[in-house]
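J.: Sequence and computational prediction follow.
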Amino acid sequence: MPSSTHLVRIERFDEPGLEHVAEIVLDRPEALNAVSTEMARSIAEATSSVASDDTVRCVVLSSSNERAFCVGADLKERSSMSDADLVAQRPTARAAYGGVLRLPMPAIAAVDGHALGGGFELALSCDVVIAGEGALVGLPEVGVGVIPGGGGTQLLVRRVGWSRASRAIFSAARMTTAEAFALGAVDELVAQGFARARALELARTIAANSPVGLRNAKRAMRLGADVGLEAGLEIEDACWRATAFSADRREGVAAFAEKRRPNWPGH
């Protein structure tokens, strides 16, 4: 059952196992999903809508165009912008990329086709990146006089380490998805055209689990990733407490004892 903002669709499923999965579909195929101001606004609106939906346990971010997941910023639009226009657009762009990054439930990027610049940053903002063979990915921004501004300088370093991220960003290199997988920037490589199917398969597995557990596990991982171990363990403890005394924990224990599938309350 689809709903939509302009240039982005939100798909929901009636199929058993996928009823708690939301798919955010980038849907500007004629421009290969180039991120214009309008599209950035639509991404921000879609992610805000999904984030506030307590029935969603996992998100898949995909494209309606098999040729491209997203080719990055709309350079045609940018070419006509003044410096003042660019400054005015910046909060909208940040809201789009931040909206994906701050999704409270697990998010999977299904990358079939090219994902370059801001398009690759949208994928890196997800928790898991599944990519089809034969496409190109990368952060080529320094080649056109800017830097990755959708989180790329931070997210790629956290995924692959300083030296590998430095080489990728400073060279403005376009990598095959196989090269990105070897680098660690892509988590799973599948045959061309099968990234979405694999992402939905994984989303089904994830969505079978406790929504309270999923959200708190992601929160603990995100907040703890950039602090010392002791501080991270305190974050984990707080998230454990928020989960351990929930209705989901009580249902999970009861279902295990009764040898049945849990019916998660979600609170």
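T.: Now that the structure is in, tell me what you want to look at. Numbering: from 1, shown residues only.

J.: Which stretches in this structure count as strands?
T.: Along the chain, the segments classed as strands by DSSP state E run 2-5, 8-12, 21-26, 58-63, 68-70, 107-111, 114-116, 128-132, 136-138, 174-176, 188-190.

J.: Low-confidence stretches in the stretch 1-150 of the chain?
T.: Across the stretch 1-150 of the chain, the ranges flagged by pLDDT under 70 are 1-5.

J.: switch to 90 and redo it
T.: Across the stretch 1-150 of the chain, the ranges flagged by pLDDT under 90 are 1-6, 66, 75-76, 78-79, 81, 134-135.

J.: pretty sure residue 106 is in contact with residue 60, am I right?
T.: No: contact criterion Cβ atoms under 8 Å: residue 106 and residue 60 do not qualify, at 9.9 Å. For every residue, glycine as well, the C-beta is placed using N, CA and C.

J.: higher neighbour count, those two?
T.: Legend: neighbour count by other Cβ atoms under 10 Å for residue 106 and residue 60, higher for residue 60 (26 against 22).

J.: got the domain boundaries for this protein?
T.: Per automatic domain parsing, the domain ranges recorded for the chain read 2-207, 211-258.

J.: Find the centremost residue of this protein, please.
T.: residue 126 (2.4 Å; Cα atoms, centre = their mean).

J.: looking at it, that residue is touching residue 100, isn't it?
T.: Yes: between residue 126 and residue 100 there is a contact under Cβ under 8 Å: 6.5 Å.

J.: intersection of neighbour lists for these two?
T.: Residues within reach of residue 126 and of residue 100 at once, by Cβ atoms under 8 Å, 6 or more residues apart in numbering, are 61, 107.
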